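**Student:** Prediction below, plus the sequence it came from.
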Amino acid sequence: MQPPTTLHRRLVPTLVVVFALATCAARAEAASLQLGPQLERVWNRVEPDETIVAWVFLRDKGELSTKAQVPRDVVSERSIRRRLKVRDPEDVVDATDLPLDLRYVAAIRSRVARVRQRSKWFNAVSVEATRAQLSDVMALPFVREVELVARSRREKLPEPVRKSATAAPPELGSSASNLHDYGNALNQLEQIRVIDLHNLGLDGSDVVVGHFDNGHRLLTHEVFSRLHILATWDFVDHDPDPAPAPTAPLAFGAHGIATLSILAGYEPGKLIGPAFGARYILARTENDASETPIEEDNWVAAIEWADSIGVDVTSTSLGYRSFDSPWPDHTWRSMNGNTTLITRAADLAAERGIVVVNAVGNGGFAVEPNTMVAPADGDYVIAVGSVDADGVRAGSSAYGPTVDGRTKPDVLARGAGTWLAVTSNTNAYGTAGGTSLATPLVAGAAALLLQAHPHATPLEIRDALRLTASRAESVDRLEGWGIINALAAHRYLIDAGPDPGSPYASRLARVVRDQVSGPGKTIQYKVPAPSHVTLRIYNVRGRLVRELLSTAQSTDEYEIHWNGLDDGGRFVGSGVYFLRLRLQPLAGPGRTLVDTHKLSLVR
């Protein structure tokens, strides 16, 4: 996928709208259109000359909808390899990877002021239009629904405090035996045990990390002297340069430089980030020139573009919650993992094998059932909160749970007094705070884990970070599972790997596809030593669907059938599921064995 190439450097006051276009069979005549619930609430209050920005989502993908098979080359080979961790070969690409019908796009373009972004996954394009123009667009037979694109103000954070890069680092651990001189970044990396992974030779090499922010205006900063950039795109101005316009104020793009330096910087003695050896995809998705700079259509376009290139991890320090009047806010009730478009896009990315890391938000002082921002509410998103140098939660760090009862944040990292690069000149450094600064630390740790465990799925990376964090035994709505421990997560993934002595092709379990009775799957597995055996089925969002077994078993080979029912006795839908087998030895402290398999259930 190539992003649009038209330049657009002038500021246009806009309202943002999404045209949701469902992927369904084309019809001879269009059904009557419905306004989306958010737009319907304000439709009659929109002034006639106000401009609206819209996606083009269609009822189908035109002639491409009739293709018997989706060609694999719609995404890169690297993307294919990553997806194969969570999908069967026959399902590695699907209709959501097909491009939009250009005739539909042209028809919409002729009726609106401007087309902004395109989305393959939602079969949509965002556009700018007046209410009259939108009414004209809704009359097109291939348009299904019109809905608002979420826009939000960035939460106001203190400006970075510039400090000397030669100041003595906080005393948390000795740097004498480390491979690198971290300068004032020592504390924030030692706190999450990233330095231990660096000392093992891990630096993020062979991992592709996507960094989405408000731009990258000073990539000539010394901390980026060895940064390996794979691809760049500005989704605000639609050009390859991820920096704001040269004439923009100096603050524009500064946040992106700060968060990227925390993640990927390498200047010994001054600042080193967790994943300084990774390759980077840089995307500008926020427009500082707008009063509502965070616009979800830019992020959706960016994640689809990064997916097609083959990104492994994404780090995003933005979120959606409050919008300007007359546009309705997302409330705490919207934080259910399924309401906002950006959250749905984040979960779709994870379902394609991408580890999605996002700030939980800085609304910790609000008094509501939850204060997180989308897409941190995503089922598969690793939502990051912040702590200070002593490990105490920052009061501004947002909290959960989600409306459907899931704990958020997932994990924590340093987001108070975090050491970073500033944009006043090419060798300036300082400190700042917020969950947006904790997020790149966790994303960098995830990149190191993927380097060491390239076959780990997003669920496995998330679980490794969660289950080895500081509060894993006392999870709560303020701190989640606690401060990550990258070294312990690495060891967890080693222990969770397949037993090399297993006769099951280096796996403990295998799934028999041919069934002898009814729908479901037959699972065969090996118990190499007397163990407590747990066998569970999860959906792609990490939710437990069915516990098939939890009992002690002796050394032997076993077989069990899953009939496609969940724990409530209901048939689950067709789709991808994960089987997790865990063997805890009954005698002594032996190695716990974990094996994970992907299942495709078709009804």
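**Tutor:** Received the coordinates, thanks.
**Student:** okay, now residue 180: neighbour count?
**Tutor:** For residue 180, the count of nearby residues is 18 (other C-beta atoms under 10 Å). In this view, the C-beta of every residue, glycine as well, is placed from N, C-alpha and C.
**Student:** With the one 10 residues further on instead?
**Tutor:** Residue 190 has 21 neighbouring residues, counting by other C-beta under 10 Å.
**Student:** Next: the one 5 residues further on.
**Tutor:** The burial metric for residue 195, expressed as a neighbour count using other C-beta under 10 Å, is 25.
**Student:** quick one: least confident helix or strand in the protein?
**Tutor:** strand 15-20 (a mean of 41; mean pLDDT, DSSP states H and E).
**Student:** Follow the chain on from that one and name the next helix or strand.
**Tutor:** strand 34-35 (DSSP states H and E).
**Student:** Under the pLDDT cut-off, which ranges of the stretch 501-603 of the chain? List them.
**Tutor:** Scanning the stretch 501-603 of the chain with the threshold set as pLDDT under 70 gives 501-519, 540-542, 588-592, 602-603.
**Student:** 50 instead?
**Tutor:** For the stretch 501-603 of the chain, the stretches with pLDDT under 50 are 501-506, 513-518.
**Student:** Show me where it has its helices.
**Tutor:** For the stretch 501-603 of the chain, helices defined by DSSP state H, counting those that start in this stretch do not occur.
**Student:** need the strands for it, in chain order.
**Tutor:** 509-512, 521-527, 531-539, 544-553, 556-562, 575-585, 593-601 (DSSP state E, counting those that start in this stretch).
**Student:** Surely residue 187 is in contact with residue 388?
**Tutor:** No - using C-beta atoms under 8 Å, residue 187 makes no contact with residue 388, being 10.0 Å away.
**Student:** what touches both of these two?
**Tutor:** Here residue 187 and residue 388 share the contacting residues residue 414, scored by C-beta atoms under 8 Å, 6 or more residues apart in numbering.
**Student:** With neighbour numbers in mind, choose between those two.
**Tutor:** Shown here are residue 187 and residue 388; by other C-beta under 10 Å, residue 187 has more neighbours (20 against 17).
**Student:** Could you list every helix and strand in contact with the helix or strand where the more buried one lies?
**Tutor:** Assigned by DSSP H and E, residue 187 falls within helix 186-190. Other elements packing on helix 186-190 under the criterion 3 or more C-beta pairs under 8 Å, 6 or more residues apart in numbering; DSSP states H and E are helix 194-199, strand 411-414, strand 418-421.
**Student:** could I get those as a markdown table with distance to residue 395?
**Tutor:** Formatted as a markdown table, those follow (distance: least, C-beta to C-beta, whole Å):
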| stretch | distance to residue 395 |
| --- | --- |
| helix 194-199 | 25 |
| strand 411-414 | 13 |
| strand 418-421 | 16 |
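**Student:** Turn these into TSV, including distance to residue 213 and mean pLDDT.
**Tutor:** Shown next, in TSV, are these (distance: least, C-beta to C-beta, whole Å; pLDDT from 0 to 100):
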stretch	distance to residue 213	mean pLDDT
helix 194-199	21	96
strand 411-414	17	98
strand 418-421	12	97
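**Student:** among those, which is nearest residue 262?
**Tutor:** Of all the helices and strands packed on helix 186-190, strand 418-421 sits nearest to residue 262, with 5.2 Å by C-beta to C-beta.
**Student:** Residue 477 contacts residue 397, correct?
**Tutor:** No - with contact defined as C-beta under 8 Å, residue 477 does not reach residue 397; the gap is 11.3 Å.
**Student:** Between the two, tell me which one has more neighbours.
**Tutor:** Between residue 477 and residue 397, residue 397 has the larger neighbour count (other C-beta under 10 Å), namely 30 against 14.
**Student:** On the pLDDT front, check that one for me.
**Tutor:** Note on residue 397: pLDDT of 92.
**Student:** Please give me every residue in contact with it.
**Tutor:** Neighbours of residue 397 in contact, by C-beta under 8 Å, 6+ apart: 360, 362, 364, 385-387, 409, 412, 415, 435, 478.
**Student:** Great, nothing more from me.
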